[in-house]
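*Asks:* how would this look folded up:
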Amino acid sequence: MTPKSFHPKRYWVALLGVILAALAFPATALAHGPVSGGVKTDVFNELFTTMMWIATPIFVIVEVLLLFAIIRYRRRSHDEMPEQVHGNTPLELSWTIGAFVIIAVVFVLGYRVMQDQHLVSAGPDSEFTPDMTVHVYGYMFNWDYEYYLADGEDTDVMTTRDLYIPANKNVLLEISSRDVQHSFWVPKLAGKVDAVPGYTNTMLLNVDKPGTYEGQCAEYCGLNHYAMAINVHVMEPADFDAWLSNQITQENEFQPVGTDLSVELPNGNSDEGEQLIYDLGCTACHAVDKDQPSGPAFDRMSMDAHHVEGYSPEQYLHESIVLPCAQLAEGYDQCIMPQDYGERMDAEDLADIIAYITSVDRYEPGLQPGPNK
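*Replies:* Residues are numbered from 1 along each chain as shown. Okay, here's the model as predicted:
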């Protein structure tokens, strides 16, 4: 069978199309470059620009040589043998040494930025003195934030998914993981920091523009990795102080419901429960009406509760939340749900969440529990 003839014009048209698409949609083409509005982004912008100046001519040279080789040494007929070109030792040594030099330069530039601007340490001998410290814990599939004052005093305040910090203040993040490896990444605040089990990495933030900065876990950590969102709320210092003071007051009055299943719960409010489910990060693993790889849907949880002998729906949901590993839903053989929700909620919070889950109940008499289809 005679191979199809080569049409170089098609390749040039395709290449031109890619270039025109990049020019027509620059935001898409440059989506992974650093942006302004965060902490010390000028340093990362300079590093990115330097690497772009190094990488662009290399890319152009390689593509031109590749196209040249494809066109110049192509087979022009079925019986033709293309010209065989043997190695050129000086040329091969040149590009091998050149590549090593380029990689070494990029490594040194990146290492200096990481050491000077990214992986900071805090203490009496440090150039950076934090105005507050936040312990950041990644786990499937959420982030917890514990807030400490400048002197290291624990405020007992903890938030999930949403991080609150003051603008124009040195905020030290101490980042680790409770299970597998994750990566803390908020693009507008520049840089990624791995969250590694048993090890603490650090990042210093000093953000001059109040607002909400969105991020994402950048290390694949499981089937619900996509839902492991990060929201950094940068507030005016006075507003942040008022928020933190209010949170501390609430914590001082807080009485956790614990794991005692005999505790009597008040009547719940489903609207409050819906907000709590977001605040506690439950939606990272559970949807309203569709099972997720990490957990059953809320309506199925309530439906299952009607079929567990010896439990009322409220009792079953109570146990499922504060003792999540006691009984696993059908189709789930691992318990990855945090087991400390009894310490994060009081009786009213728990009642509100149960009220919300039962409000989306699709239970029908005779319908058997099991994975949603």
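
*Asks:* bridging residues for the residue nearest the centre of the chain?
*Replies:* Nearest residue to the geometric centre of the chain (CA atoms, centre = their mean): Cys217, 1.5 Å. Taking DSSP bridges as the rule, Cys217 bridges to Phe184.

*Asks:* which secondary element of the chain has the worst mean pLDDT?
*Replies:* helix 26-29 (a mean of 42; mean pLDDT, DSSP states H and E).

*Asks:* so for the residue in the chain sticking out farthest from the centre, what pLDDT did the model give?
*Replies:* Relative to the centre of the chain, and counting by CA atoms, centre = their mean, the farthest-placed residue is Asp79 at 55.8 Å. Looking at Asp79, its pLDDT stands at 80.

*Asks:* tell me if Pro57 really is in a helix.
*Replies:* Yes: using DSSP: H, G, I helix; E, B strand; the rest coil, the assignment for Pro57 is a helix.

*Asks:* start at 42, not 1
*Replies:* Understood, numbering begins at 42; the last thing we discussed is Pro98.

*Asks:* what's the spacing between it and Leu317?
*Replies:* 55 Å (CB to CB, to the nearest Å). For every residue, glycine as well, the C-beta is placed using N, CA and C.

*Asks:* got it, and Phe281?
*Replies:* 22 Å.

*Asks:* before we move on, what about Tyr382?
*Replies:* Taken as CB to CB, the span from Tyr382 to Leu317 is 10 Å.

*Asks:* try Ser286
*Replies:* 21 Å.

*Asks:* quick one: contacts for Phe182?
*Replies:* Phe182 sits next to 258, 262-263, 265-266, 268-269, 325-326, 335 when contact means CB atoms under 8 Å, 6 or more residues apart in numbering.

*Asks:* give me that answer again for 10 Å
*Replies:* By CB atoms under 10 Å, 6 or more residues apart in numbering, the residues touching Phe182 are 202, 220, 223, 258, 262-270, 322, 324-326, 333-336, 377.

*Asks:* look up phi and psi at Asp197.
*Replies:* The phi/psi pair for Asp197 (degrees, to the nearest 10) reads phi 70, psi 10.

*Asks:* one step back: so which strand or helix has the residue farthest from the centre of the chain?
*Replies:* Using DSSP states H and E, Asp120 sits in no helix or strand.

*Asks:* coming back round to it: shared neighbours of Tyr382 and Leu317, which are they?
*Replies:* With CB under 10 Å, 6+ apart as the test, Tyr382 and Leu317 both reach 323, 390-391, 394.

*Asks:* so can I have CSV of these showing secondary structure, distance to Gly351 and pLDDT?
*Replies:* Formatted as CSV, those follow (DSSP: H, G, I helix; E, B strand; the rest coil; distance: CB to CB, whole Å; pLDDT from 0 to 100):
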residue, secondary structure, distance to Gly351, pLDDT
Cys323, helix, 26, 87
Asp390, helix, 25, 90
Leu391, helix, 20, 91
Ile394, helix, 22, 91
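
*Asks:* could you save the residues you listed as CSV and add columns showing distance to Asp197 and neighbour count?
*Replies:* Formatted as CSV, these follow (distance: CB to CB, whole Å; neighbours: other CB atoms under 10 Å):
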residue, distance to Asp197, neighbour count
Cys323, 22, 21
Asp390, 16, 22
Leu391, 19, 26
Ile394, 21, 27
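
*Asks:* how about the residues you listed in JSON lines, adding distance to His348?
*Replies:* Formatted as JSON lines, these follow (distance: CB to CB, whole Å):
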{"residue": "Cys323", "distance to His348": "22"}
{"residue": "Asp390", "distance to His348": "26"}
{"residue": "Leu391", "distance to His348": "22"}
{"residue": "Ile394", "distance to His348": "20"}
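
*Asks:* what's the closest of the residues you listed to Leu88?
*Replies:* Cys323 (38.6 Å; CB to CB).

*Asks:* need the contact list for that closest one.
*Replies:* 183, 201, 314, 317, 336, 339, 362, 378, 382, 394, 397-398 are the contacts of Cys323 under CB under 10 Å, 6+ apart.

*Asks:* what's the closest of the residues you listed to Thr290?
*Replies:* Among the contacts of Cys323, and counting by CB to CB, the member closest to Thr290 is Leu317, at 18.4 Å.

*Asks:* run a quick neighbour tally on that closest one.
*Replies:* Look at Leu317: counted by other CB atoms under 10 Å, it has 20 neighbours.

*Asks:* please apply the same query to Pro297.
*Replies:* Neighbour tally, Pro297, other CB under 10 Å: 16.

*Asks:* what does the one 3 residues further on give?
*Replies:* Counted with other CB under 10 Å, the neighbours of Thr300 add up to 17.

*Asks:* Thr196 too?
*Replies:* Thr196: 15 neighbours (other CB under 10 Å).

*Asks:* that one: what secondary structure?
*Replies:* strand.

*Asks:* what's the spacing between Leu107 and Arg116?
*Replies:* Distance from Leu107 to Arg116, by CB to CB: 17 Å.

*Asks:* fine by me, we can end here.
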